[in-house]
Structure formats: C-alpha cells, structure tokens
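Engineer: generate a structure from the sequence data that follows.
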Amino acid sequence: MSQKKKSSGERCFNAQIRVVEGDENKRKFVLSFSSEEPYMRWFGLEILSHEEGAIDLSRLSEMGVLLFNHHRDQVLGKVLRVWVENDRGMAEVEFDDDEFSETIRKKVASGTLKGVSVSYRVNVWEEVEAGATSSDGKHKGPCSIAKKWVAYEISIATVPADPSVGVGRSSEEMELEMWHMERQLEINRNYL
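Structural biologist: Below is the predicted model:
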C-alpha cells in the first residue's frame with residue numbers, strides 16, 4: 001500500500017439528481033455527483049475518496065457549471081453550492097432558461113434523463129495491492145484510490161457508465177445491482 005502521484009487526465013463519474021423542494025419554477029435541483037463506489041477503469045478498480053480534504057471543490061464553488069454530456073459548449077446552468085455528505089459529492093444546481101437548457105431541464109424533471117457525471121483530475125493516488133487494505137481501512141485491494149482530486153464540472157449524462165445510480169432508483173434495485181457488481185468483482189478477482 002503506497003500513496004503516489006499518477007499522471008491522469010480528466011475522468012467522469014456518474015451519480016443522481018432530484019428537484020429542490022419548494023422551487024416554484026423547478027429550475028433548481030440537488031444532485032449527487034460522486035461516491036466511493038468502485039468503478040472499473042482500464043487500469044483496474046478506481047475509488048474516489050470522500051475523506052475530509054480529499055476533494056478540491058474550489059473550481060465548482062467559484063465557477064462551476066452544469067453541462068450536457070461533458071460538452072463544454074453546451075452549458076445548461078450553474079452550480080450554486082457544493083458539499084460532501086455521507087461519502088458523496090453533492091451539489092445544488094440551477095438550470096438556465098434558454099431553449100436548449102429548458103428542453104434538458106424538462107427531461108430531467110420528467111425522469112427521462114436521470115444520469116449525472118462529474119469531470120475530475122486526480123492529483124494523488126493510493127495504490128492498494130491485492131489482499132491489502134487501504135490506509136483508511138475502507139477498501140480491499142487491488143484498487144487505486146484517488147486521495148486528492150479536483151472536480152471540474154458536473155454534467156447531465158444521457159448514458160451514464162454506472163448503472164447503479166440515477167434518478168428515481170429504488171434502494172432495492174440499487175442493492176440488487178450492487179450484489180451483481182460485487183459478485184462479478186469476486187469472479188474477476190478469482191480469475192486473476
């Protein structure tokens with residue numbers, strides 16, 4: 001188990017969204033944009049740490065935007081505030097009222113679009129070898145844990161990579177899918 005820097009570009013992670021209660025025009029939504037769920041990357045399992053100080057939210061706080069599918073020229077709105085809660089990156093966002101943003105907002109409000117994703121850059125990694133445990137005791141190796149990372153933008157995503165998250169998902173569905181993912185991970189570990 002070691003903590004080291006690894007070169008990395010921007011990455012995306014998927015999460016969920018819900019409308020802010022009491023928002024008369026339904027333009028504001030609270031969403032979860034990241035978690036500590038393991039995600040399979042080309043190099044193996046990646047986990048985004050949500051420990052105190054792991055996430056640099058300054059960019060999202062100062063100039064955060066809500067995009068469509070990570071297209072930087074398709075701005076849907078702004079990030080009003082960001083925080084970490086229950087090992088999840090959370091944000092309150094507000095959709096703009098132009099025609100394109102309104103079309104996407106309606107699809108989010110109706111439940112047609114449920115996926116959320118975040119672009120980020122990892123600055124410090126903890127590599128956890130097979131059979132070892134991470135420094136915080138939460139994760140078993142093999143995996144790579146992003147111990148210091150910067151969130152760049154939040155996107156409404158049409159095809160999120162992680163099927164266990166999204167708008168309107170019941171906890172039973174999520175638990176069943178997590179069981180299937182955990183089972184597949186165990187099969188993969190035994191295969192290696």
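Engineer: contacts, neighbours, all on C-alpha from now
Structural biologist: OK.
Engineer: all helices of the chain, in order?
Structural biologist: Per DSSP state H, the chain carries helices over the ranges 58-63, 99-110, 171-191.
Engineer: mean pLDDT lowest for which of those?
Structural biologist: The stretch with the lowest mean pLDDT among these is helix 171-191, at a mean of 52.
Engineer: any idea what the residue nearest to D96 when sequence neighbours are not counted is bridged to?
Structural biologist: Computed as CA to CA, 6 or more residues apart in numbering, the closest residue to D96 that is not its neighbour in sequence is G77, at 4.7 Å. For G77, the beta-bridge partners are L66, F95 (DSSP bridges).
Engineer: what sits against G77?
Structural biologist: Shown in contact with G77 (CA atoms under 8 Å, 6 or more residues apart in numbering): V65, L66, L67, V93, E94, F95, D96, S101.
Engineer: let's have the residues you listed in CSV, adding distance to E153.
Structural biologist: Below are the contacts of G77 laid out as CSV (distance: CA to CA, whole Å):
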residue, distance to E153
V65, 6
L66, 7
L67, 7
V93, 11
E94, 14
F95, 14
D96, 16
S101, 16
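Engineer: any idea which of these has the most stuff around it?
Structural biologist: Sorting these by how many neighbours each has (other CA atoms under 10 Å) puts L66 first, at 28 neighbours.
Engineer: contacts only, for that one.
Structural biologist: Listed by CA under 8 Å, 6+ apart, the contact set of L66 reads V75, L76, G77, K78, V79, V93, F95, E153, I154, S155, I156.
Engineer: avg pLDDT for stretch 73-93?
Structural biologist: What stretch 73-93 shows for mean pLDDT is 93.
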